[in-house]
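K.L.:
No sequence on hand, only this structure:
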């Protein structure tokens, strides 16, 4: 009998045991996490929805999440995959005012935004905006 085959089977068996024990540890950790869900925690589902836990129904294993104020959805507890340690950064909200001009469009509070007529002017407009910002901050074009 060839000893290399026996060694190969022993290595494969050890590898399978190692992989299965690692998987069991991960499953146990996920199970503990899901059982510790409580209202007020910010979590993410497997599909990527981030929300705050509002209610946990122990009997039916359903978690109610609120992603935006007033928008509540119900999820199976198993769909929640991780807790978001850091709160999601809220984007700075710019104040919007209604423009009473003929177009009736909505414009930001700091004034209307100029949009180029075609794409060829887009690069030039971007450079102009960057130069204006540098001038506002007192930077010079020393190269």
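P.N.:
Nice, I can see it. Please read these numbers as outputs of a predicted model, since none were measured by experiment.

K.L.:
you'd agree residue 46 is up against residue 77?
P.N.:
No - with contact defined as C-beta atoms under 8 Å, residue 46 does not reach residue 77; the gap is 11.6 Å. Where C-beta positions appear, they are placed from N, C-alpha and C, glycine not excepted.

K.L.:
So which of the two has more stuff around it?
P.N.:
Neighbours were counted for residue 46 and for residue 77 using other C-beta atoms under 10 Å; residue 77 has more, 16 against 12.

K.L.:
Now do the same contact list for the more buried one.
P.N.:
By C-beta atoms under 8 Å, 6 or more residues apart in numbering, residue 77 lies in contact with 34, 37, 56, 61-63.

K.L.:
Would you mind checking those residues for buried ones?
P.N.:
Burial by neighbour count, 16 or more other C-beta atoms under 10 Å: within those this picks out 34, 56, 63.

K.L.:
I'd like those as TSV, with distance to residue 15 appended.
P.N.:
As requested, the buried ones among the contacts of residue 77 are exported to TSV (distance: C-beta to C-beta, whole Å):
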residue	distance to residue 15
34	29
56	39
63	36
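
K.L.:
quick one: which of those is nearest to residue 42?
P.N.:
residue 63 (12.4 Å; C-beta to C-beta).

K.L.:
any idea how far that closest one is from residue 27?
P.N.:
Distance of residue 63 to residue 27, computed by C-beta to C-beta, to the nearest Å: 19 Å.
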